[in-house]
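Student: Prediction below, plus the sequence it came from.
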Amino acid sequence: MAGAVRQVEDLHLLNLTKKFADVAAVDDLTLTIPAGSFFALLGASGCGKTTTLRRVAGLEDPTAGAIKIGARDITDLRAFQRPVNTVFQSYALFPHLDIFENVAFGLRRRGIKDVKTPVNQMLELVELSAMARRKPTQLSGGQQQRVAVARALINEPDVLLLDEPLGALDLKLRRQMQIELKRIQHEVGTTFVHVTHDQEEAMTMADTVAIMNAGRIEQMGNPAAIYELPKTVFVANFLGQSNLITGTAQGRTGDDILVSAHGRTYVVPAARSTAGGDSMIVGVRPEKMTVLDAVDGHRAPDAHNKVLGRVTDVSYAGVSTQYQVRTPWDQELTVFEQNVIVGDRCSVGDEVLLHWSPEHTFGLDGVQDVHAGASPELVDLEAAASALESRGA
Amino acid sequence: MPLRVAAPNVSPILVVDQAKPVVAAKRRSRTGYILLFPGMTWLAIFFAIPFITLFMTSLQQPVPGKIGKYQAGFELSNYANAMAEYWPQFLRSFIYAGIATLLALVIAFPLAYFIAMKGGRWRPLLLVLVIAPSFASFLLRTYAWRTILSDEGPITSFFNALHLLPDDRILNTGIAVVAGLTYNFLPFMILPLYAAIEKIDPRLIEASSDLYASATTTFRKVTWPLSLPGVVAGTLLTFIPAAGDYINAELLGSTKDRMIGNVIQTNFIEFRDYPTASALSFVLMAVILVLVFTYIRRAGTEELV
């Protein structure tokens, strides 16, 4: 089984909707998950990602929509009739059965007589052969996790669903299991659909990431592509961090859009903008910006976008330094700078010029809440900080 | 002070005073005995001493010429005689208790499952309803069954209309006794079952259905094995008191349906044949002990989580 080439087919979700008492947990979702891919559904808790997964598993009744594997419609099949298996969030291993029997469970239910060979092979794949006769409670978290994967994979499902599978593990073990899961996926070639709220986990593991918000897919694609060019404010804030400046489109020069905001003009390549109307948000990732002392401002390339501000916080983090810079219009911008410069760094209170290349700039539609997708603690913190400051002034 | 006992090594300040934790540890172990004392005394006075007295009584021999007077002896024949005379009642007791336990299990399991899995916020109320009848006296409730099962009552009429009753009646038959036993001990079946089922993670049921098990197979392979601790506890809590019960047979049965409890009671109170009654009590205890041990062995509860 391991390593053998298997015929796998795409998973299609068509207009999937799931309502809980009028509230749509999943809202008209249409999605194709390519066969053999490692696909991550990323979103904050309550965004509908687990509901989507449970719909595919058949554990949640549909409100509307269809689910297909290849050309086969599995929408109305019961959970135990679907060629799909799940790795549950807390593993849900059967406590009364030993590891061998847990893994053999699916095979036995399908009336397969010789379970010994495949079970032993599977235990070998997850490196747990020595544990076959132990009970789940005698295993560590990471081992239980691997049993859960083995128990699902042994059935050679068309799609393996993983519901926050690493959520219960500590950080170090989580990193280890991420690599382990990628290896297993590579070996068996099954389509993995992985639900997680951990953006780093999604980015490191998946070939394709879909970012979900309020029951819809905000953006989907290769993790690097999404990070470099987010298409909505939610994605810009949820996947990594972004500095977003609200402005108005003033027209075009060639392939660029000129946006004026707070008395300055910013250049956004038209190809990197998703804005429809005149109201626009200019975005840039914190590590794409460079900090210059205001007196050295002339050293910034002319073509670059620039912002003046005052440093309010500097935190040194080894590889990089994080600056908080307050603009004249009282917005906090974040800058990560690689610690490659020799000499003095800027310090709190310094007047600085931030600049970055238009190629790293992205344009978003202006009619969105600039805090969408940002972690609420961060928003609160900012609000509290500015409140304190205005009281002091 | 209690903090020091719990964690003597936490802070250096506490380690300085090295004698104290030892004293505290000694005091703690003494506290254990002091706390045990009332319970042990209670057990000694109300269990151990009567137990020995009962055993000695079971071996007494009659004082010649005086009815109801006995003297110390070693009459092992008391046991043989008692068993020879009363073995049918013994057998009947275990059969009735067995049927009642089985019926209680069949009735209690779906109920406990429903309360545990679907009860939601109504669970506490539903559990109170289960034990609510116990607020009325055991005797009174059993008397009530006389009315429910009376010859002119709706239940008897219904079954008679279907010609299902061999004696054309329910009251004063074995059926009534078993019904009474089932009813009276039902809460003792429901509560442990509920406790066991409530502990089952619903995700295990989902995992089972995800792994190709139909609803029936899931019940057989997951729900039932995980409920076994409750089943074992419930059947024991029902079977043991039911086997020794005499109220139900007394109030709901005829003389043909007498159980061993009734025999012991009459021997003690009416015939004043204390040695026979004591011997019967001892045999009852022994048989139940043996049954329980074999049962627990077979059910293998220590294997269960």
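Tutor: It's in.
Student: For the residue in the stretch 51-200 of chain B that chain A sits nearest to, list the residues it contacts.
Tutor: Taking CB to the nearest CB as the measure, the stretch 51-200 of chain B has residue B:200 as its residue closest to chain A, at 9.3 Å. Where C-beta positions appear, they are placed from N, C-alpha and C, glycine not excepted. Counting by CB atoms under 8 Å, 6 or more residues apart in numbering or on different chains, residue B:200 touches B:116, B:222-223, B:226-227.
Student: Just flag the most distant two among these.
Tutor: The most widely separated members of the contacts of residue B:200, counting by CB to CB, are B:116 and B:222 (14.3 Å).
Student: Am I right that the residue of the stretch 51-200 of chain B closest to chain A is in a helix?
Tutor: No - if the criterion is DSSP: H, G, I helix; E, B strand; the rest coil, then residue B:200 is coil and not within a helix.
Student: Flag the shaky bits of chain A, pLDDT-wise.
Tutor: A:1-7, A:342-343, A:376-393 (pLDDT under 70).
Student: Show me it divided up by domain.
Tutor: Chain A breaks down by automatic domain parsing into domains covering A:11-225, A:242-368.
Student: For the residue in chain A sticking out farthest from the centre, give its distance to chain B.
Tutor: Taking CA atoms, centre = their mean as the measure, the residue most remote from the mean C-alpha position of chain A is residue A:113, 41.4 Å away. Using CB to the nearest CB, to the nearest Å, residue A:113 is found at 15 Å from chain B.
Student: How about the residues of the stretch 1-150 of chain B by chain A?
Tutor: Remark: no part of the stretch 1-150 of chain B is in contact with chain A, using CB under 8 Å from any CB of the partner chain.
Student: most neighbours per residue, which of the domains of chain A?
Tutor: domain A:11-225 (a mean of 19; mean count of other CB atoms under 10 Å in any protein chain shown).
Student: Report how far apart the opening and closing residues of it are.
Tutor: Chord length of domain A:11-225, first to last residue, is 22 Å (CA to CA, to the nearest Å).
Student: Close to chain B: what parts of the stretch 1-150 of chain A are there?
Tutor: A:57-59, A:78-81, A:84-86, A:88-90, A:92-96, A:105-106, A:109-110, A:135, A:137.
Student: Which residue is the nearest non-sequential neighbour of residue A:327?
Tutor: Spatially, and ignoring its direct neighbours in sequence, residue A:327 is nearest to residue A:309 (4.7 Å; CB to CB, 6 or more residues apart in numbering or on different chains).
Student: Checking my notes, the one you found in a strand, right?
Tutor: Yes - assessed by three-state DSSP, residue A:309 belongs to a strand.
Student: how close does it sit to residue A:240?
Tutor: Per CB to CB, to the nearest Å, residue A:309 is found 21 Å from residue A:240.
Student: Same check on residue A:346?
Tutor: Taken as CB to CB, the span from residue A:346 to residue A:240 is 23 Å.
Student: Contacts only, for the residue nearest to residue A:327.
Tutor: Taking CB under 8 Å, 6+ apart as the test, what residue A:309 contacts is A:325-328, A:333, A:351-352, A:354.
Student: same deal with residue A:262?
Tutor: A:245, A:247, A:327-329.
Student: Out of the contacts of residue B:200, name the ones that lie in helices.
Tutor: Per DSSP state H, helices hold the following members of the contacts of residue B:200: B:116, B:226-227.
Student: which parts of the stretch 151-300 of chain A sit against chain B?
Tutor: Residues of the stretch 151-300 of chain A lying near chain B (CB under 8 Å from any CB): A:151-152, A:155.
Student: Which single one of these is nearest to residue B:240?
Tutor: residue A:151 (39.9 Å).
Student: now the closest one, what's its secondary structure?
Tutor: Once three-state DSSP is applied, residue A:151 turns out helix.
Student: right, and it touches residue B:211 too?
Tutor: Yes - with contact defined as CB atoms under 8 Å, residue A:151 counts as touching residue B:211 (7.1 Å).
Student: Return every residue with contacts to both of those two.
Tutor: In contact with both residue A:151 and residue B:211: A:85, A:105-106, using CB under 8 Å, 6+ apart.
Student: Residue B:72 against residue B:56, yeah?
Tutor: Yes - here residue B:72 reaches residue B:56: they are 6.8 Å apart, a contact under CB under 8 Å.
Student: sorry, back to before: bridge partners for the residue nearest to residue A:327, pull those for me.
Tutor: residue A:352 (DSSP bridges).
Student: what about the stretch 1-150 of chain B, any weak spots by pLDDT?
Tutor: Those would be B:1-26, if you go by pLDDT under 70 across the stretch 1-150 of chain B.
Student: Mind jotting down where the helices sit in it?
Tutor: B:2-6, B:12-16, B:19-43, B:49-58, B:77-118, B:123-131, B:138-148 (DSSP state H, counting those that start in this stretch).
Student: Let me have those helices in TSV, adding distance to residue A:198 as columns.
Tutor: Putting the helices of the stretch 1-150 of chain B into TSV (distance: least, CB to CB, whole Å) gives the following:
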stretch	distance to residue A:198
helix B:2-6	37
helix B:12-16	41
helix B:19-43	45
helix B:49-58	63
helix B:77-118	32
helix B:123-131	35
helix B:138-148	58
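Student: Just put these in a markdown table and tack on distance to residue A:25 and mean neighbour count.
Tutor: Converted to a markdown table, these look like this (distance: least, CB to CB, whole Å; neighbours: other CB atoms under 10 Å in any protein chain shown):
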| stretch | distance to residue A:25 | mean neighbour count |
| --- | --- | --- |
| helix B:2-6 | 46 | 11 |
| helix B:12-16 | 54 | 10 |
| helix B:19-43 | 53 | 11 |
| helix B:49-58 | 63 | 14 |
| helix B:77-118 | 22 | 18 |
| helix B:123-131 | 26 | 14 |
| helix B:138-148 | 49 | 14 |
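Student: Which residue ranges make up the domains of chain B?
Tutor: According to automatic domain parsing, the domains of chain B span B:2-58, B:76-303.
Student: Residue A:16 is nearest to which of the ones you listed?
Tutor: Nearest of those (CB to CB): domain B:76-303, 18.8 Å.
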